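Colleague: Curious how this folds, go ahead:
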Amino acid sequence: MVEPLSVSANAFMQNLLPWIDADADRPGARRLNAMRVVSIRHITGSPAAQLALSQSGFAWPERSTDLVSADGLLATRRHAGEIIVVGDDAAALQKILHELAPGVDLEVMAIEMTHGTGVIELHGPRLDEWLAHLVDHSAIPAEGRASRCRLVDVPVLLVRPEADRIRLVADRSLFPYLAQWLAFSHEGAFSDL
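Modeller: Sure thing, here's the model as predicted:
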């Protein structure tokens, strides 16, 4: 009997940290361990969902590319019936989770997704040039926008709060795969430097 390879994802990730260092000419990537992810699920067009979000300090993201912020948190639509909130302010996220706990309102609820979903930050200059090696150019969000796309065939959410910073939200179990592709594409995109 052949024994399966038993390398833990955590051990693999520790070997890759800090992943890719940025410098004056090239972007970098790092895992944001303190970042939490909350999904606000709602019935499409629900006034209760819009009210709940506004009571949490957010404007309603009208389009799927809209990125709104409040209390250091970022929110965007992942699809018509879901808003993703990303941030490291545990108290603000806990407030949302408490106020929108399952069963409080039949039209809207918040679910903690951090256990299975994580955030990688791409930062520094020439981000668009790097991402063009990994996603369709039209999927690269402008500053203050978000984009749902596939990065090397993995569904991701790209959130761009600033021109030189993108938060890549993805399934945490795929981080080793994404880390390898980020490193490989980084080397290819910036080998001339």
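Colleague: Val119 and Val86 touch, don't they?
Modeller: Yes. Assessed by CB atoms under 8 Å, Val119 is found in contact with Val86 at 6.1 Å. For glycine as for every other residue, the C-beta is placed from the backbone atoms N, C-alpha and C.
Colleague: Overlap in contacts, the two.
Modeller: Common neighbours of Val119 and Val86, using CB atoms under 8 Å, 6 or more residues apart in numbering, are Met35, Val37, Arg167, Val169.
Colleague: Neighbour-wise, which one of these leads?
Modeller: Counting neighbours by other CB atoms under 10 Å, Val169 comes out on top of these with 25 neighbours.
Colleague: What ranges does the protein have for its helices?
Modeller: 9-16, 47-55, 90-99, 127-131, 175-189 (DSSP state H).
Colleague: List the buried residues for the second one?
Modeller: In other words, helix 47-55. Within helix 47-55, the residues that count as buried by 16 or more other CB atoms under 10 Å are Ala49, Ala52, Leu53.
Colleague: How far off centre is that helix?
Modeller: 22 Å (CA atoms, centre = their mean, to the nearest Å).
Colleague: Please apply the same query to the last one.
Modeller: How far helix 175-189 lies from its chain's middle: 17 Å, per CA atoms, centre = their mean.
Colleague: Which elements pack onto it?
Modeller: helix 9-16, strand 28-31, strand 117-123, helix 127-131, strand 154-162 (3 or more CB pairs under 8 Å, 6 or more residues apart in numbering; DSSP states H and E).
Colleague: Let's have the buried residues of helix 47-55 in TSV, adding distance to Pro125 and pLDDT.
Modeller: Formatted as TSV, those follow (distance: CB to CB, whole Å; pLDDT from 0 to 100):
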residue	distance to Pro125	pLDDT
Ala49	38	83
Ala52	38	82
Leu53	34	82
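Colleague: Going by distance to Phe175, which of the residues you listed wins?
Modeller: Nearest to Phe175 among the buried residues of helix 47-55: Leu53, at 28.7 Å, using CB to CB.
Colleague: quick check: domain ranges of the protein?
Modeller: Following automatic domain parsing, the chain resolves into domains at 9-33+117-189, 36-112.
Colleague: picking up where we left off before, among the shared contacts of Val119 and Val86, pick out the one closest to Val152, please.
Modeller: Val169 (15.1 Å).
Colleague: Write down the beta-bridge partners of that closest one, one by one.
Modeller: Val119, Leu157 (DSSP bridges).
Colleague: now do Ala110
Modeller: Ile40.
Colleague: same deal with Ser69?
Modeller: Under the criterion used (DSSP bridges), Ser69 bridges to Leu74.
Colleague: what pLDDT does it get?
Modeller: With respect to pLDDT, Ser69 scores 91.
Colleague: Could you check how far it is from Arg31?
Modeller: Relative to Arg31, Ser69 is positioned 21 Å away (CB to CB, to the nearest Å).
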